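Q: next one to model:
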Amino acid sequence: MRLLPWLLLVGCAQEGGHYFEVPAEGAELGHRGLIPVIVHLESPELNDVRLAVNGRGLDELLPITRRRISFMGEGHDWIATVDLGHLKTGTYTLRARVGGTVSTVEVVVPERNRIDLELVDEASNPVAGRVFVFRDGEPMDLSSGFGIDHNQRDIDVSAVDCLEGECVVFLEPGDYELLGWRGLRGGLTRVPLTVDADQTVQLAVPIEVPTPGELASDLHIHTGRSGDSWVPLWLRYESLASAGLDRFVLTDHHNPAKPSELFAGTGIAEDFGVLGVERDLRVGIDGESRAGGHMNVFPLASGVSDLIPPVQTEPPATTLAAYREAPIAEEVPVVLMLNHPRGIHFRPEREPQPQWQLFNRMGFDHTVPFGSGVNAWMGVPTEDEKPPGIDFDAVEVVNRFSIQLYEEVRADWFELLNRGVFMVGTGNSDSHGLSVEMAGMTATLVRTEDEAIAPWTEALREGRARVTSGVFVDLTLEGATAGDIRVGGDAEATVRVQAPSWVPSERVAVIQDGVEVWSAVLTETDRDANGVLDRTFTVPLTIAADGWVIAEAGFAVGEIPEDLGVYGQIAPGYVPVGFTNPVRLDVEGLGWDPAN
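A: I've put the predicted structure just below:
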């Protein structure tokens, strides 16, 4: 990705009630040539924004106009990206014009050396990926310390992303270390660099954990079209294309757009992006409308925006039924995924926030039956259907980097499975920014022989998926795998755990009906000469009643390691975790019924 410099933006009041948010006066261009520009508009109709530098017009990359989220003020924002990487050292005047109103600002291009980066695979073929820049053993801030994220939910950007194996970074003379990265399945290649002139550097990065037959998917991605995100479309596409993903679901708030059309001109593959939307679950509490939770709905058919049920203050059961009935699906019924049901962790150095948390807002007591007491809103399951208030196909067990909330939602998920409610466990970035919510840093691997969107959706709905933020674990129960219902009693489980050389993992475990029944400690002796972890275990299981079993790897529940090495440097706040979806256990072949 050609990373923007993230210059500080300031507002200048202008006639007509709109103003331009442009780089701060005298700001230095960052270490990449792309600049985001935001123009705050009083009216969405007044959005013909023209940019120029020293009087010469600039091509804006994928500009959008969106309504600013209410708590950030009123009006609309025009957001785009422009490339100033061609400018020589000097001071330039950047001009923004809307109608007859003009705003200008001085931008300084400092003297730096141009470093052309080439990212290749083991066979020297160009590949997409990311290059982190380190100096004195620490990630370097390539954004010059400024940002456009008015929510303050992102952090310094320390990498440049390469499309088709090529990207550029501008560096002052000195000693650096470059780290080539191709996503969670790839290695991490280190190359020392002394900058004293323009030069070209090649980094060969292998895939260390191949996953044939699986699509690495991020099911929760936002762009600047969501009012609480400020990422321009061009930069969002590059962040996705370089993240090692096979598929993403675009889930802007209440504002669905087909990815192949939204990112037109980038070279995006038709099936790389899936059309979805993140919708509010608003509920009535004490006579007031309250934020209940969020859910993702996908895949949507094109042109169905007017058919998506409106956000209303209704019991969750009413809202979910409305989405099941709406004619909005693309080939297969939509997936309804419950997002972050125990809250949102916006920054790793802060505590999780009680926002859009359905289980906390409505209540979910593991000791109370469905339809009773605090769980009354869920309703009572019928023989073939889930409780109507939680009629979700999937639940986001991992949201962003939060290991704390993972442990809470994990317990909820286990309880639902123990009660016979099957929801697919997923893990996603929920990315609104570029660094603290790294697209693809948490991913759901969907197992499917057919990569088209319809069979991929069905495989996900069936639970043929596993989750990873760097460590990969798989479980087979005498031929049955995640998503299967295995008939019979006692069996041997085969557990395989893998991790790239840069991802630490201390243990692997088997969990049966919510209880850890086996575990093993992982050490450096389990890794090969290149540091890649690949270990297989055979685990005997006693199966006396209907239930379920998963495998999990990473670190012990409740343990947040202080030092994760280079993993923690390139992904601050993240902790490696991996788990499978359950193999359901039907002892007598009469149907899966763990509740009885």
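Q: in which helix or strand does the closest residue to N428 other than its chain neighbours reside?
A: Excluding its sequence neighbours, the residue lying closest to N428 (Cβ to Cβ, 6 or more residues apart in numbering) is H220, at 3.7 Å. For glycine as for every other residue, the C-beta is placed from the backbone atoms N, C-alpha and C. Here H220 sits within strand 214-221, counting by DSSP states H and E.
Q: now do the strands in the stretch 151-300 of the chain.
A: For the stretch 151-300 of the chain, applying DSSP state E, counting those that start in this stretch gives strands covering 159-162, 166-171, 174-181, 188-195, 199-204, 214-221, 247-250, 273-275, 277-285, 288-298.
Q: make CSV out of those strands and add distance to G73.
A: Formatted as CSV, those follow (distance: least, Cβ to Cβ, whole Å):
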stretch, distance to G73
strand 159-162, 31
strand 166-171, 34
strand 174-181, 37
strand 188-195, 41
strand 199-204, 43
strand 214-221, 25
strand 247-250, 25
strand 273-275, 29
strand 277-285, 20
strand 288-298, 19
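Q: now the ones you listed in JSON lines, with mean pLDDT and distance to P594?
A: As requested, these are arranged in JSON lines below (pLDDT from 0 to 100; distance: least, Cβ to Cβ, whole Å):
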{"stretch": "strand 159-162", "mean pLDDT": "92", "distance to P594": "44"}
{"stretch": "strand 166-171", "mean pLDDT": "94", "distance to P594": "50"}
{"stretch": "strand 174-181", "mean pLDDT": "98", "distance to P594": "41"}
{"stretch": "strand 188-195", "mean pLDDT": "98", "distance to P594": "41"}
{"stretch": "strand 199-204", "mean pLDDT": "98", "distance to P594": "49"}
{"stretch": "strand 214-221", "mean pLDDT": "98", "distance to P594": "26"}
{"stretch": "strand 247-250", "mean pLDDT": "98", "distance to P594": "30"}
{"stretch": "strand 273-275", "mean pLDDT": "97", "distance to P594": "32"}
{"stretch": "strand 277-285", "mean pLDDT": "91", "distance to P594": "27"}
{"stretch": "strand 288-298", "mean pLDDT": "91", "distance to P594": "25"}
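Q: tell me which of these lies nearest to R67.
A: In terms of Cβ to Cβ, the element of the strands of the stretch 151-300 of the chain nearest to R67 is strand 277-285, at 15.0 Å.
Q: now do the buried residues in the longest helix seen in the chain.
A: Among the segments of the chain that qualify as a helix by DSSP state H, the longest is helix 403-418. By neighbour count on 16 or more other Cβ atoms under 10 Å, the buried set for helix 403-418 is 403-410, 412-414, 416-418.
Q: kindly report the same for stretch 511-527.
A: 511-514, 518, 520, 522, 526-527.
Q: repeat that for stretch 302-320.
A: The neighbour-count check on stretch 302-320 (16+ other Cβ under 10 Å) flags 304, 308-309, 313-317, 319-320 as buried.
Q: cool, stretch 84-102 as well?
A: For stretch 84-102, by 16+ other Cβ under 10 Å, it's 84-85, 92, 94-98, 101.
Q: switch the buried residues of stretch 302-320 over to a markdown table; also include secondary structure, distance to P561 and pLDDT.
A: Listed next are the buried residues of stretch 302-320 as a markdown table, based on DSSP: H, G, I helix; E, B strand; the rest coil; distance: Cβ to Cβ, whole Å; pLDDT from 0 to 100:
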| residue | secondary structure | distance to P561 | pLDDT |
| --- | --- | --- | --- |
| V304 | coil | 45 | 92 |
| I308 | coil | 42 | 95 |
| P309 | coil | 43 | 94 |
| T313 | strand | 43 | 93 |
| E314 | coil | 43 | 92 |
| P315 | coil | 41 | 93 |
| P316 | helix | 36 | 95 |
| A317 | helix | 41 | 96 |
| T319 | helix | 39 | 95 |
| L320 | helix | 38 | 96 |
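Q: on that earlier part again, could I get the strand holding H220 in CSV with only the CA atoms?
A: The C-alpha trace of strand 214-221 is given here as CSV (Å, rounded to 0.1, in the frame of the first residue of the first chain):
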residue,chain,number,x,y,z
GLU,A,214,-9.4,-22.4,2.8
LEU,A,215,-10.2,-18.7,2.1
ALA,A,216,-8.7,-16.3,4.7
SER,A,217,-11.6,-13.9,5.2
ASP,A,218,-12.2,-10.7,7.2
LEU,A,219,-15.9,-10.4,7.7
HIS,A,220,-16.0,-6.9,9.1
ILE,A,221,-14.4,-4.0,7.2
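Q: so which elements touch it?
A: Under the contact definition 3 or more Cβ pairs under 8 Å, 6 or more residues apart in numbering; DSSP states H and E, strand 214-221 sits against helix 233-241, strand 247-250, strand 288-298, strand 335-339, strand 394-399, strand 424-428, strand 443-447, helix 453-461.
Q: which residues touch the first one?
A: Right, the one you point to is helix 233-241. 1-4, 34, 36, 61-62, 64, 79-81, 128, 161, 163, 218, 221, 223-225, 231, 248, 262-263, 266, 268, 272-273, 431, 434, 438-440 (Cβ atoms under 8 Å, 6 or more residues apart in numbering).
Q: tabulate the CA atom coordinates of that helix in PDB.
A: C-alpha atoms of helix 233-241 as PDB (Å, rounded to 0.1, in the frame of the first residue of the first chain):
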ATOM      1  CA  LEU A 233     -11.200   4.400  -0.300                       C
ATOM      2  CA  TRP A 234      -7.900   4.200  -2.100                       C
ATOM      3  CA  LEU A 235      -5.900   3.600   1.100                       C
ATOM      4  CA  ARG A 236      -8.600   1.100   2.300                       C
ATOM      5  CA  TYR A 237      -8.300  -1.000  -0.900                       C
ATOM      6  CA  GLU A 238      -4.500  -1.100  -0.700                       C
ATOM      7  CA  SER A 239      -4.700  -2.100   3.000                       C
ATOM      8  CA  LEU A 240      -7.000  -5.000   2.100                       C
ATOM      9  CA  ALA A 241      -5.000  -6.100  -1.000                       C
END
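Q: name the SS class of R486, please.
A: Here R486 is recorded as strand under DSSP: H, G, I helix; E, B strand; the rest coil.
Q: surely it meets P582?
A: No - taking contacts as Cβ atoms under 8 Å, R486 lies outside contact range of P582: 10.1 Å.
Q: about what we covered before: of all the buried residues of stretch 511-527, which comes closest to A454?
A: Nearest to A454 among the buried residues of stretch 511-527, counting by Cβ to Cβ, is I511 at 31.6 Å.
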